[in-house]
Structure formats: structure tokens, C-alpha cells
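Peer 1: got a structure for you, letters missing:
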């Protein structure tokens, strides 16, 4: 085994060293032109995606040399167990990945700590591990793609989709990535058997099929929706093409604020509504979009938005430290730490910086950075347990603040004087689930506001019921004006494709996405309401899947007990499991 | 040969609106600020042209002038030693040497988070005085007020720190500093002696002006105030004694406004009475000689501005109401030798003569004497003219004395323009200003406006069938009111940034604003002026008599203009009025200036507003034509707003926004 490891190391170590040096050089260059430790999530996603692709290519290349029949026999016909041979190859590959991926990242950290003003935080120590885990997952999937079951191996790439969509952050995310690498290792290790065409044992086949069914369920649901939309485009009734259907969610999403208000008011004619409608047409209607859907978390390796402040007046860069939970400054001129007279306040959660580069959003708090005095000032603090889900929105001479609980309107001077003496002028509690909120539109009346809430986020996926609500905020009172149901625009068969195609698998995938992650209130889109026809269709398809498995099992399986197990699996997991079963079990060919 | 009778210039309304070229802007005074050096040998000024503003310096001897620099400064002042110029620009205070010394540059940032405000130059040191309002703990509340003395080069000296706002400050020769302190709805004049001891010397009455003027070499303080009398005048205070009158309007008509001070002795020499015909009152023999010489040299002048008197030389500006620019001259002490301050561009700065604007007066129906500026078209014939009543804002404000670009522009188009200084206007004493009380609805103030038109109709100067009314802010409100109440008199109204409901706007302003410059809360100021927003019946009456409440009585076309960043009359209140006119199907046209505040005077907006106003008045007062309310014309800086044309509610809908031709309602 050790000889195999040594041989494999000697085969690739120069490549690994060259790649590692290139990687290190690129990281050091990036460190001079930007701060690679304080980038937004999208930057890391692209970087890790490249590592995963390189790993996959490496895995494919490494085992391609052994995959041919003769080479495979040559590899495995030695006095070592096949699993140990596989382990030797894979461990060597992992060590090479470590050299090319993890080591450069690990070397970057002390370099950054010495040369950059903003030091390395404890969370950054996870970077080498994360980079290696993702690169290794790619590598192991590459091996599995080459050696695994020909028609099912590709479904294992769902692991990378899982990593991309997982909600976990910080150490939990790193653990999840290591877990994915472990699963990929087991998948790849299982492929090291003398006869790769011979059927495996039932538990392994079931496990392989389940992973495949999961991937087929997730990707298949997406593909079904995509295909249905292509069909709508061909027919010419896709809501996103041309003029959207009247009274629908797409129309409401695309309308300007005044038109949306007027449409809502026109649904219930009255003199008062007519007056408001005219006023909306004449006024500036303010629109707020809940764009801060992802919460920040302490020790998270990425941030959903920018958290760095660049002060061109004082020539300072302020970065947020997860260790101290405070901002710390670095001089742009010297790249050395700069000590402010007044220490920045500690924040409850890592912040985001609004587009003006001065407004800081930290959970339920809004602060403002003043460049001339290099000072942070608390401006607004929302009740505990709330989180801002949109940047502060200037609304005429006021300021609209949207949290996951309520919309509040403050006097515009609150950003100069704080909310100590300027409490909210009006508060409207969200009457629907915050995750379903699409937009808010506000019309300023003489002594109050008319507020329109449009719900229906993810309604194309059947997640929420589109609706427009109008509320009057006047003299400290909030009174409902009207509710207008909106058409979801897409047919139920498309919106609820997950429900009739793979309900358990897609639910399981959603649970996996949220695994180890903090609770996100923006994932709450309200209770799901599907028409009974969809439920009936789901039932029918699951029964048909079971019948299909029974019928097909009679031809490809010899064990009646195993046939029953597959039928039960298809009954519960539906068409994706049937498809996985069909892909795994080919018809016996007669000699 | 028989001469034909002069043709009355008639506003043309037959031009197609789409083809009307932008009207030229009314001429403006290119000199933004000017000052005479303490040695009387040099004068510096800021001059604007199409390319921006520049700072210039000229000397008494020789006609050469020097361009010192391009600048964004809006004001300037000489240091007491004449070695420096202090330039006040948006957001900063700069010093500039005039004798090749080091230290030129920005002395301090102003406004914003710095909380610093320029007060003036130190009369005895080469330094500037700056007030500070500091939020030291960053909680947004000012917790420390201070007065600083800043020297060129940046050296700073803190003169005083305390818990009240320094509204203005002047220094005395002995090192004492006089402060005008405001806080908790009180204004007081206090003396800070060189040892740092602060002593209150005078408690100002409500609405009293209490402006610091100077401290002469003997330590006598001069104030511009009313001291309990009706008119503002120049007073002095010796030690702790009472205020003694030095000068005020001898005709007992107008308030004193500006004072010229001898730069050496710091003694007031001249008091301006700008609102009562542009008089000046002398306080010294030299000033008497100057005024006598001015009367001989410029008998038609309606405005005098003295920018300085030093070492026997005067820098004097005069304007006769027909020109936008002041004519600046240098005169010796005897008034015998005069020379232009800008010989290089005298012709250019003297714009073509515009119609003359005169301050006149008429007797209101209750017998009160009401002042009014009247601008008659050039080449006046005895035929009645179409009349435009131009109402100033406020209402506790006044039309600018002397030249008015709007009146000049309208008169040049053939209109007779009257600007009534209705009761509640300031500049004519407190009794005049308080005469209206809260009668701002269908009451005395509105009748003053109507009677100003009737007065000119009765004199045969105005055509009673062709009258319109216009104004901004309160003037816009008054225009809407007058058109609503008296459609048989006024054919239309141009209402810029109008409060459609005075009661609502007064309450809004009182809640929104921290206070006025005097440190009084707006609520208190309003109450002193007679408008008590806590008086529910009075406010209800005012609301019921507002254009908003009487919108159904409006039968004449109106042109509405608003700024969407207006902090005084929020655009939503104008929107609400317009929406009401929409639902009632009333004729109106409405434009909003994005990014503009209460002034409607930024960038191309001024010209667009003028063009729209001219077109509207031509439609109302010119030949009988029907003009589309929504023409294809785009007015730069303005967005046209209209009623919704599609009735989605199913309610009965008329077609609002159409402006009919002139005629009886």
C-alpha cells in the first residue's frame, strides 16, 4: 500500500507543487490589490467552484489511467485488498489536493497577518480546511464519475449543489463541507472492486439509488418547470414575455408604485379610493424591496453583502472583526492599523453596509459612519428579535425601515439625531409571512401613509399565495383598506411540480439545505396550499411508480423480497426512485 | 405729420405653445459680494459669469484689476489689518493673503457634522469668528456650544463654551466679546469680559430683532433693534445703561436694515431703510455729506448699498429699480470725486433699462395705508393694461426692495404689475406686521390684495377684465384663494409651492422645524405673530377657508408648481390639492421640479418656471385662445403631472387638466 502511495505521489507531486505555487502566487497578488479575507459570498463561491472543477479534472485524469480493463486488473491484482488499494490512491490524491489547494491558503494567512493592517481572525483559520474540502469533494467526485456506475455516477454531483445551496455558515459550514468530502470518499472508495460491472450488494445499491433519486428529484423538478415554461413560451402565454396578464403577480411586480396602488384601489371603487388613486398618480410613490434575505452570522466565512467601509476623507478602510465584533481601521496609506479616539461600538451580528457606504445594518440596529470625524453613531435600534430585511429607504423627508416584523417610518432627521427623541412616526406590522413579501409601496398622504404590501415570493414554486394588501396609517392607527388576491400567473402543474413529482425527496433536499444553518425567517413563505388535483396527481404518479417498479423488477430481479423493497421505495419516493431503479438495473441480456 | 398713437404692447397668446422659445432670463446682478479694504485703497469683489465665479481685486490708484482666483465663495470680508480676505463658500471658510503672506487656504470646514457656522470677522484681530455646535458623544443631540476665533493658517482660540447657541458675536477693543445667545425661547445680549466672565446685558422681547452691530473704541455697543418701539432702528448701550436711540427712519415708515461701520472707530455711520423707498439715514457728518452728494448725483435711485467707508473713501452701490445690477462707485469723503468701481465693464454690468418699479401706497377699505410696488410697462400709454398681482411669500415677509426680476420681466411683456405689501408684511414696523393677526383666510389680508387691484383699476391703469394673480409660498396660497373667492376679478392664478391649507402647513412647519434663526420655536414665533396653532377654533376656521376646503368653488384655471424636496410646503400637500382638483374635474396644470426645495430656483428650473408662467399669463390675459393643458413642450427641470385619464374605478370621470380660454366662469 505504501508503495502505491509513494508511486502515486511521485506521479503527481511536481504537478501539485507547480499548481500550489501558482495558486499561492495568485493569492498573494490578490492580497496586494484587495483583501481576500473580506470578500462577499459570490467571490468565494466562484473561487471554490474553480477549485471543485480543478479537483474533478484531477480525479478524472488520475483514475483514467487505471479505468481501462487491463489496467484495472493490473491495479487490483496485487496482494492488497481492493479497498486498501483505493484508499491508497484516494489518500494520495487528497494529499496532493492539500498541497495544491490548502497549503497556499494556509501560507496566505501569516503573510496577510504580517503585511495587511487588518489581521487574520480566528474564523479565517478555517479557510485552508474549507478550500481543501471543496477541492477534495470535486476530486473524489471526479474519481467516482470515472469509476462509478456509468448511468448513475453523475448524480453524485448533487453533493456540490448541496454545498452551494447549504445555509450553514462558519464552522458548521466547514463541517458540512468535510462531511460532503467524506460521503464522496465513501462513494469513490466503493468503486474499487475487481469487477465494476458486477451487481453490488442490495444496501449499497439502495444507497446509490437513493442518492440518484434525490438528484433526479431535485434536478427533475427544476427540469420539469423549465420544460413547462419553454412550452408556455412556445404557446405564447408565458407571463414574463410581453405584457403580463392583468391582475397577476408579474404585473404587480413590474408595475411602478403608483400604478400598483391605483390597481389595488380600483378593485374596490369609492370616492376615497378614487382620491387616493389620483394622489398616487401625482405623487412620488416609494418602493421598498426586501433585498436582505440572507442573515449574517458570527464566524461566517462569507458575507451576503459588503461589510467594509472605505473612508476616502480620512484615508481609512474599516473592516469588521468577528473576533471582537467591532470595526477596526487600517490606513490606506500605510496599510497599518489605525487607532480611533472613540472605539467603535460592538455589534450583535456582523454588519452589512448600505449602498451609500456609510449606513451600517447590523441585525436590528442601524448605525452611521461619519467620515469627517471617523466616528460610528447608533441611529436606530429596532426591538430585540427583529432583523432588517431591506436597507433604510429614504421616503420623501422621512425614512422607511423594513424589518422581518414590521415596516416603520421615521422622521428623516433620525439619521442625524438618532431615534432617542425621534420614535417611529408610524408602524405597520407585516400581516403576512416575511419570506413571501415581494415589495412594499408607500404613498404619502397629508397626515399619514397608504401602504401597499405585495406578497407572492416564490409563488412560481407554489410557496406562497400572491396577494396585495393596502393599509392606511393615520394618526397612530393602522387600518386595513383592502385585500386583492393576485393571480399566480403560472399553472398549478408547474408551480407544484415538486409536489406531484417528488414531494418527499424535495422536502428532504430542502431540509438538507437548511441543515446546520441558523434559522432564517425569510425562508418562511407561509403555509402551502395546493389544489386537490395536484394531490391526486401525486398519488396517481406514486402508485404508477410502484407498479412500474413491480413490473420492471419482475424482469430484472430474481429475489422477490428485493422486488418488494424496490416497490415500496418507489411508492414513497415516486417517479425519481423508479427512474433510479431503471437506470441501475438493466435488462438481462441473453448470451 | 401726425404721429400715430403708441400701440399698447399686448401679451401675445397666439403663439403655439410648442414653438415658444425659452424666454431669456431676467438680468441678474453679477456682483455677488463686494468689500472695501480697511485702508480704503483696495476693493475686492466676487463676480459671476457663465463660467462660474471669480474673486477680483482693484486698487484706488490706477484702474488695474487683478483676478485673484476662481472661487465658489458667496461672501467675502477683509480682515481688520487688511492683509487677508476671508471667503465664505458652501461648507468651508477660506483665507487668502493679499500681501504674499503664508497661510492661505481652508481655515475650517463649515456645516454638516462639524457643526461650525461662520459669524463674521474679528474687528480687532486678523481672525474670523466661528460658532460651534458640537455633538461630542455622537448621539445626534448638540451638547456643547462654543465660540472660536480662527486665524489664517488654522490657529484656533476658544473664546467661550456654554449651553446656549451663539447666534452672532462681535469683539471689542478691550478683548471683550458680545454674544447674542439664544435658547429656551429666549434671546439675550451678553458680554463676555476678557477674564471669561459672562454677563447678561439685555433681554430681548418677543419678535424683537436684537442684531449686534458693533462696539466702538470706547466700548459702546450698537444694536439694530426696536427696543419696544414700532420700528427697528439703531440703538446704543453704554455700560449697563438702557438702550438709547441713535437713528431710525425719520418718516417713521420703514424698519432699519443695514448699518455701515467705520472700520477704524467701529462707529456706525449710516443706517439703511430699504423697504420704505430705499432711504438711508446718516449718523455722522461724513455720511450726511455722502447722502447729499448721492441725492445730487443719483436723484432717481431707489436703493443705496454702502459696502464700506475707510480713510475718507466710500464704496457705494446704487440701483434705480430699472437695472438688475448695482452701479458701484468710489467716492471721496466730500462727495466731490466719484469714479466707477468697475470701469472695465461698466456698460456690460448696466443691463438695458427695464420698466421702473416704484413704491406707492393706497388706502385700504378700512382706512389703513397699504404699501405696494407698482411696475409699469415702458412706453406707458393711458390705456388700461392687463394686471398681474404679484404676492410675496411669508406672509411675514416682504417683496425685495428696488429691482425685482419677476416684475421687470412681466412688465417688459406689457403687464402692469402690482406687488402689494399687504398687512402682515414686515419692513414697516411691528404694528403693520401684526395688523392681520391670524386673519389669513377669507379676510383682511386677501382683501388687501383685491383692493390693490381695484385701486389700479379705479385709477384707469389696469384693465379690470384682464387680471391674474400669482405668487410663491404664501403668495401661491393667496393666489389660489383670490381666484377661488373672486373668479369675476381674477382670470387665473399661478401658484408656486402653495400651501393649499395654511392651517395644516403651519402645524406641519411647527412640528418639523427645530426653530427659527432667533432660536424661538416656530410654534412660539407663530403665536407671537398672531397665528396660534394651539387655538383650535382659529385653525379650524383657517382650514375651512383654505383653497383645499373650497376647491369645489374654483372655476378659473390655475397653474401649480411645486418642488418635491420642499421642506416648508411639502409636495404631498400640493399633490393632495391637485388630486382633489382631479376628482372635481377642475381646470389646472401642475408641474413638479424634482430635487427642488421651496425656492424653485436651481439650474434650468428658474427659466422653465418663468416660461410656464409667461405662457399661462398670456393664455389668461391675452387674446382669446384655447390652449391644450398638456402640450408637447418639455420644460427642463420640471415634470408635468396629470390626472389619470383611465377611470379604473368605474366612477364618473370628467377630463380634468384642460385649461379653457379666458371668459366669465
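Peer 2: Sure thing, it's come through. Predicted model only: the values in this text are computed from it and were never measured.

Peer 1: my guess is residue A:83 contacts residue A:191, does it?
Peer 2: No: contact between residue A:83 and residue A:191 fails when scored by C-beta atoms under 8 Å: they sit 10.3 Å apart. Any C-beta I mention is one placed from the backbone N, CA and C, and that applies to glycine too.

Peer 1: Between those two, which has more neighbouring residues?
Peer 2: Set residue A:83 next to residue A:191 and count neighbours by other C-beta atoms under 10 Å in any protein chain shown: residue A:191 wins out with 21 against 12.

Peer 1: what sits against residue 433?
Peer 2: Reading this off chain A. A:455, A:464, A:524-526 (C-beta atoms under 8 Å, 6 or more residues apart in numbering or on different chains).

Peer 1: wrong chain, I was asking about chain B
Peer 2: Contact partners of residue B:433, counting by C-beta under 8 Å, 6+ apart, are B:396, B:423-426, B:529.

Peer 1: again, but for residue A:318
Peer 2: Neighbour list for residue A:318: A:308-311, A:327-330, A:344, A:369 [criterion: C-beta under 8 Å, 6+ apart].

Peer 1: Now restrict those residues to buried residues only.
Peer 2: Buried by 16 or more other C-beta atoms under 10 Å in any protein chain shown: A:308-309, A:311, A:327-330, A:344, A:369, out of those.

Peer 1: what number of residues lie near residue B:36?
Peer 2: The criterion is other C-beta under 10 Å. On that basis, residue B:36 has 27 neighbouring residues.

Peer 1: Phi, psi for it please.
Peer 2: Backbone dihedrals for residue B:36, given as degrees, to the nearest 10, come out at phi -100, psi 140.

Peer 1: Okay, and the beta partners of the closest residue to it other than its chain neighbours?
Peer 2: Nearest non-adjacent residue to residue B:36, counting by C-beta to C-beta, 6 or more residues apart in numbering or on different chains: residue B:308, 2.9 Å away. Partner residues in beta bridges with residue B:308: residue B:315, with DSSP bridges as the criterion.

Peer 1: My read is that residue B:308 contacts residue B:43, right?
Peer 2: Yes: Residue B:308 is in contact with residue B:43 according to C-beta under 8 Å; the separation is 7.5 Å.

Peer 1: Return every residue with contacts to both of the two.
Peer 2: What both residue B:308 and residue B:43 touch, as defined by C-beta under 8 Å, 6+ apart, is the set B:35-37, B:315.

Peer 1: Can you name the two of the residues you listed that sit furthest apart?
Peer 2: In terms of C-beta to C-beta, these reach their longest pairwise distance at B:37 and B:315, which sit 9.5 Å apart.

Peer 1: Show me the common contact partners of the two, please.
Peer 2: Common contact partners of residue B:37 and residue B:315 (C-beta under 8 Å, 6+ apart): B:43, B:308.

Peer 1: With adjacent residues omitted, what lies nearest to residue A:273?
Peer 2: The shortest distance from residue A:273 to any residue that is not its chain neighbour, by C-beta to C-beta, 6+ apart, is 4.1 Å, and that residue is residue A:265.

Peer 1: between residue B:308 and residue B:43, which one's more packed in?
Peer 2: Neighbour totals were compared for residue B:308 and residue B:43, and residue B:43 leads with 25 against 21 (other C-beta under 10 Å).

Peer 1: Name the SS class of that one, please.
Peer 2: Residue B:43 falls in the strand class when you classify it by DSSP: H, G, I helix; E, B strand; the rest coil.

Peer 1: near chain A, which residues of the stretch 551-665 of chain B show up?
Peer 2: Proximity of the stretch 551-665 of chain B to chain A is confined to B:564-565, B:567, B:570-573, B:575-576, B:578-580, B:582-583, B:590, B:641-644, B:648-651 under the rule C-beta under 8 Å from any C-beta of the partner chain.

Peer 1: can you tell me which of the contacts of residue A:433 lies nearest to chain B?
Peer 2: Chain B lies nearest to residue A:455 out of the contacts of residue A:433, by C-beta to the nearest C-beta, at 21.6 Å.

Peer 1: How many residues are close by the closest one?
Peer 2: Here the count is done by other C-beta under 10 Å, and residue A:455 has 26 residues near it.

Peer 1: My guess is it contacts residue A:463. True?
Peer 2: No: the pair residue A:455 and residue A:463 fails to qualify as a contact (C-beta under 8 Å) at a distance of 10.6 Å.

Peer 1: Name all residues that make contact with the residue of the stretch 51-200 of chain A found nearest chain B.
Peer 2: Nearest residue of the stretch 51-200 of chain A to chain B, counting by C-beta to the nearest C-beta: residue A:118, 23.3 Å away. Applying C-beta under 8 Å, 6+ apart to residue A:118 gives the contacts A:35, A:37-38, A:317, A:319, A:321, A:328, A:330, A:337.

Peer 1: In contact with the residue nearest to residue A:383 when sequence neighbours are not counted, which residues are there?
Peer 2: Of all residues not flanking residue A:383 in the chain, residue A:364 sits nearest, at 7.0 Å (C-beta to C-beta, 6+ apart). For residue A:364, the contacting residues are A:348, A:381-388, A:403, by C-beta under 8 Å, 6+ apart.

Peer 1: Please apply the same query to residue A:5.
Peer 2: A:88, A:91-92.

Peer 1: ok, so of the residues you listed, who is nearest residue B:56?
Peer 2: Nearest to residue B:56 among these: residue A:92, at 82.4 Å, using C-beta to C-beta.

Peer 1: And the contacts of the helix or strand that the closest one is a member of?
Peer 2: With secondary structure defined by DSSP states H and E, residue A:92 is part of helix A:82-97. Helix A:82-97 is touched from outside by A:1-2, A:4-5, A:8-9, A:12-13, A:15-16, A:55, A:58-59, A:62-63, A:66, A:75-76, A:78, A:80, A:132, A:135-136, A:139-140, A:143, A:185, A:188-189, A:191-194, with contacts defined as C-beta under 8 Å, 6+ apart.

Peer 1: A strand includes residue A:168, no?
Peer 2: No: counting by three-state DSSP, residue A:168 is located in no strand; its state is coil.

Peer 1: ok so, going back, can you put the contacts of residue A:433 in CSV and add secondary structure, pLDDT and distance to chain B?
Peer 2: Formatted as CSV, these follow (DSSP: H, G, I helix; E, B strand; the rest coil; pLDDT from 0 to 100; distance: C-beta to the nearest C-beta, whole Å):
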residue, secondary structure, pLDDT, distance to chain B
A:455, strand, 95, 22
A:464, coil, 89, 26
A:524, coil, 86, 33
A:525, coil, 89, 30
A:526, coil, 87, 29
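
Peer 1: Pick out the most distant pair among the residues you listed.
Peer 2: A:455 and A:524 (11.8 Å).

Peer 1: quick one: common contacting residues for those two?
Peer 2: Shared contacts of residue A:455 and residue A:524, defined by C-beta under 8 Å, 6+ apart, are found at A:433, A:436.

Peer 1: what is the mean pLDDT for stretch A:356-374?
Peer 2: Regarding stretch A:356-374, the rounded mean pLDDT is 90.

Peer 1: May I see the buried residues of it?
Peer 2: Residues of stretch A:356-374 classed as buried under the neighbour-count rule (16+ other C-beta under 10 Å) are A:358-371, A:373-374.

Peer 1: biggest helix in chain B by residues?
Peer 2: helix B:605-621 (DSSP state H).

Peer 1: Against which helices or strands is that one packed?
Peer 2: strand B:385-391, helix B:405-412, strand B:462-472, strand B:493-496, strand B:558-563, strand B:588-593 (3 or more C-beta pairs under 8 Å, 6 or more residues apart in numbering or on different chains; DSSP states H and E).
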